[in-house]
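# Everything below, folded, please.
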Amino acid sequence: MTVKVIGLIELKDLTEFEKYRSEVGHTIELYKGKIVGRGTTADVFWNELTCQKFGSYVELEFPQLIDAQTWAHSPEYQSLIKIRKKAMKVTLFSVAL
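Okay, the predicted model is just below:
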């Protein structure tokens, strides 16, 4: 079963974000994943869950949930958390297809 990982992003520091972005793709590929989409939010139609403000998103794809989970907790990705925290606030969740 294919799994999507969606990230809702509020940028804090563009310089740190570019550093993070230049390194994160490699960690995703190590765990059979790929970036399938990214961009800015055009409009929020409803926010009944009262999510915090976000202006960007990323969409990743992994062959199986275990691949996404392993990536998210991998030492390679965990080494980027310090940069990520400077660069952005993010909500990251998986969706099974």
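# pretty sure A42 belongs to a helix, no?
No - if the criterion is DSSP: H, G, I helix; E, B strand; the rest coil, then A42 is coil and not within a helix.
# for D43, what are its contacts?
Applying CB atoms under 8 Å, 6 or more residues apart in numbering to D43 gives no contacts. Where C-beta positions appear, they are placed from N, C-alpha and C, glycine not excepted.
# What score does it have for pLDDT?
With respect to pLDDT, D43 scores 93.
# which phi and psi does it have?
The phi/psi pair for D43 (degrees, to the nearest 10) reads phi -160, psi 150.
# Next: L11.
With angles defined as degrees, to the nearest 10, L11 sits at phi -70, psi 140.
# Give me the neighbour count for it.
15 (other CB atoms under 10 Å).
# and F93, what helix or strand is that in?
strand 88-96 (DSSP states H and E).
# Next, count neighbours for T2.
Neighbourhood size, T2 [other CB under 10 Å]: 11.
# do Y77 as well
Y77 sits with 19 neighbouring residues when counted by other CB under 10 Å.
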